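>>> model the following, please.
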Amino acid sequence: MRANKGVDLRTGAAFLRNEFYNISIYRVSFWLNFIYTFLMMYSVGYVWRALYAANPSVTGVSLSQMISYAVLGVALEAILHPRNGPQTYIMEQVRKGTIEMDLMKPIDFQFYMFAKNMGGLAVRFLFLVLPSLIAAYFLFSLELPGVPALFGFFCSLACSVIISFFMNFILGLLSMITMNIKNINWGYNAVLRFFSGQMVPLWIFPGILGTVSGILPFRCIYAIPMSIYIGNDAGVDMLRVLGVQFVWILLLWVFSRLLMKRVFARVMIQGG
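Alright, predicted model coming up:
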């Protein structure tokens with residue numbers, strides 16, 4: 001994602017200011033999202049407490065670890081859910097026939113989408129994720145990890161944000177061909193929720209499901225950073241799963257660049 005004409009920092013700052021402006025306008029939407037996040041945290045916490053009451057060894061970790069895992073999964077949805085990805089914006093621009101204006105900008109299109117996405121992500125992290133986790137710390141006894149785990153968590157979270165962006169960007173490119181990816185996006189979200197470990201930890205998946213979830217990149221988005229946070233992946237295991245994320249970042253970056261070149265060539269040939 002190479003930017004042109006040294007506009008990288010200025011572009012990122014501009015999108016960040018724009019998202020701050022948007023959130024100051026759409027305050028009702030912000031508070032509804034915050035209330036939704038809090039209610040979901042309470043719901044998943046209640047469900048896991050009920051499951052542990054019936055079977056204390058249901059997941060192989062302590063109840064406090066599982067509560068922290070589940071609550072963290074709800075909080076991170078504010079920045080990792082596909083609805084917050086670039087594919088929605090790209091699809092709308094394609095539908096309105098104005099995507100050419102974005103393609104003609106003197107900046108790499110992928111970097112432009114990345115900067116735009118990071119602006120919104122930074123605002124949602126500051127005003128949704130952090131307040132939600134602070135509330136969860138006092139209300140749900142959210143565990144705080146040690147320094148190594150916390151550092152590994154933030155490194156892993158940065159990787160998961162990049163991986164999520166690349167996968168969403170690829171969906172956005174597909175909208176330039178199919179014109180509408182609403183059904184594809186819905187299917188992607190369903191698969192992501194199931195195989196990412198957002199609600200149910202992947203290490204309890206049986207047989208073939210566990211094997212498949214270990215091969216797919218979805219676990220890099222939720223399961224890996226959350227497992228590092230609760231200490232389920234520590235030491236050498238932490239380095240191993242971080243390496244898995246780095247490999248997926250490289251693979252998805254290469255694939256997205258190749259796909260972008262093919263899609264843009266097709267758009268130009270069709271006169272789009």
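>>> switch to C-alpha atoms for all contacts and neighbour counts from now on
Fine.
>>> so what's V74 up against?
V74 is in contact with T37, M40, M41, Q198, M199, counting by CA atoms under 8 Å, 6 or more residues apart in numbering.
>>> can you add secondary structure, neighbour count and pLDDT and give these back as CSV?
Shown next, in CSV, are these (DSSP: H, G, I helix; E, B strand; the rest coil; neighbours: other CA atoms under 10 Å; pLDDT from 0 to 100):
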residue, secondary structure, neighbour count, pLDDT
T37, helix, 21, 85
M40, helix, 17, 88
M41, helix, 24, 87
Q198, coil, 25, 90
M199, coil, 18, 84
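>>> could you dump these into CSV with distance to P225 added?
Shown next, in CSV, are the contacts of V74 (distance: CA to CA, whole Å):
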residue, distance to P225
T37, 19
M40, 20
M41, 18
Q198, 10
M199, 13
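>>> what about S57, how many residues nearby?
Residues lying near S57 (other CA atoms under 10 Å) number 12.
>>> before we move on, back to that, out of the contacts of V74, who's nearest W253?
Using CA to CA, Q198 comes nearest to W253 of the contacts of V74, at 23.4 Å.
>>> quick check on that closest one: phi, psi?
Dihedral pair for Q198: phi -60, psi -50, per degrees, to the nearest 10.
>>> for N180, same thing?
Here is the backbone geometry of N180 (degrees, to the nearest 10): phi -140, psi 120.
>>> I figured it hits Y89, correct?
No: using CA atoms under 8 Å, N180 is not in contact with Y89; the gap is 11.7 Å.
>>> neighbours of L157, how many?
Neighbourhood size, L157 [other CA under 10 Å]: 24.
>>> next one: F138
9.
>>> P131 versus that one, what's the distance?
Computed as CA to CA, to the nearest Å, the F138 to P131 distance reads 11 Å.
>>> what packs against the longest helix anywhere in the chain?
Determined from DSSP state H, the single longest helix within the chain is helix 236-269. If you count contacts as 3 or more CA pairs under 8 Å, 6 or more residues apart in numbering; DSSP states H and E, helix 236-269 packs onto helix 147-178, helix 223-229.
>>> tell me which residues of that helix come out buried.
238, 241-242, 244-246, 248-249, 252-253, 256, 260, 263-264 (16 or more other CA atoms under 10 Å).
>>> could you give me the average pLDDT of it?
Helix 236-269 shows a mean pLDDT of 91 in the predicted model.
>>> and that helix with helix 147-178, angle?
Put simply, helix 236-269 runs at 20 degrees to helix 147-178, going by axes from the mean of the first three to the mean of the last three CA atoms, to 10 degrees.
>>> now distance to F125 too, for the buried residues of helix 236-269, in TSV please.
Putting the buried residues of helix 236-269 into TSV (distance: CA to CA, whole Å) gives the following:
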residue	distance to F125
M238	23
V241	23
L242	21
V244	24
Q245	21
F246	22
W248	23
I249	21
L252	24
W253	24
S256	25
M260	28
V263	32
F264	32
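>>> biggest separation within those, which pair?
The most widely separated members of those are M238 and F264, with 38.5 Å between them, by CA to CA.
>>> and of the helices and strands packed on helix 236-269, who's closest to A190?
Across the helices and strands packed on helix 236-269, closest to A190 is helix 147-178 (CA to CA), at 13.8 Å.
>>> packing partners for that closest one?
With 3+ CA pairs under 8 Å, 6+ apart as the test, helix 147-178 has helix 63-80, helix 86-96, helix 109-124, helix 223-229, helix 236-269 packed against it.
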